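J.: What would the 3D arrangement of this be:
(2 chains)
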Amino acid sequence: KAGVTQTPRYLIKTRGQQVTLSCSPISGHRSVSWYQQTPGQGLQFLFEYFSETQRNKGNFPGRFSGRQFSNSRSEMNVSTLELGDSALYLCASSMRTGLSEQFFGPGTRLTVL
Amino acid sequence: SQELEQSPQSLIVQEGKNLTINCTSSKTLYGLYWYKQKYGEGLIFLMMLQKGGEEKSHEKITAKLDEKKQQSSLHITASQPSHAGIYLCGADTDYGGSQGNLIFGKGTKLSVKP
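T.: Numbering: from 1, shown residues only, chains lettered A, B, ... in the order given. Down below sits the predicted model:
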């Protein structure tokens, strides 16, 4: 069974631009969660989607948004990029929402110049 | 203050030695995950613990959950170079039963000398 895939793997943007990251969960998994990982703050939860509905949202500004499609694939968007948005963005999928095994993708490394 | 503290922050061990990593919460633990991460890559799921006193093992890695102490430990027996990486604990401290309530420790960097 194929694992969680994320595209692109690396991205360089400039301040003020926007970016869209994509995540394809493991086949059959309906929950997709997004995380931001930085050296200073560590791993922080962004949001979770289940059956195309946002179930939870972390403490991030409205510039961070996401969505999930009917095939469970998910995208996250960051608008008006700031230098501090440079991070590794990870998505994780699981079969159901709630406490369950989460499987992570390799991440997208975003650099904002 | 950090809600989930991992110790030590880094660890260098000789191949073949045993080691223990701890994850301590300032709140009640309702669920605890252990992950391993290679630098700059995704997380590899190791184990999930939900009940106090629960202990799980996979190959040479054993994890325990002590609800009373609000702590979990990860023990590696006879370490190998393949065990090197960053170990992260993630916890549900809000009994929300949701991924959104997970908080993570800053990680423990493990190096294994051959």
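J.: Return the helix or strand in chain B with minimum mean pLDDT.
T.: strand B:102-104 (a mean of 84; mean pLDDT, DSSP states H and E).
J.: Where does pLDDT dip in chain B?
T.: B:1-2, B:94-101 (pLDDT under 70).
J.: Show me the helices in it, by range?
T.: With DSSP state H, there are no helices along chain B.
J.: Show the residue spans covered by the strands in it.
T.: Per DSSP state E, chain B carries strands over the ranges B:4-7, B:10-14, B:19-25, B:31-37, B:43-49, B:55-58, B:61-66, B:71-76, B:85-92, B:102-104, B:108-113.
J.: Now A:Gln18: closest residue in space that isn't a chain neighbour?
T.: A:Ser79 (4.3 Å; CB to CB, 6 or more residues apart in numbering or on different chains). In this view, the C-beta of every residue, glycine as well, is placed from N, C-alpha and C.
J.: Quick check: the one you found touching A:Arg63?
T.: Yes - between A:Ser79 and A:Arg63 there is a contact under CB atoms under 8 Å: 4.9 Å.
J.: about what we covered before: I'd like the strands of chain B as TSV, with mean neighbour count and distance to chain A appended.
T.: TSV is the format used below for the strands of chain B (neighbours: other CB atoms under 10 Å in any protein chain shown; distance: least, CB to the nearest CB, whole Å):
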stretch	mean neighbour count	distance to chain A
strand B:4-7	18	9
strand B:10-14	13	14
strand B:19-25	20	13
strand B:31-37	23	5
strand B:43-49	20	4
strand B:55-58	12	12
strand B:61-66	20	13
strand B:71-76	20	14
strand B:85-92	24	6
strand B:102-104	23	4
strand B:108-113	17	12
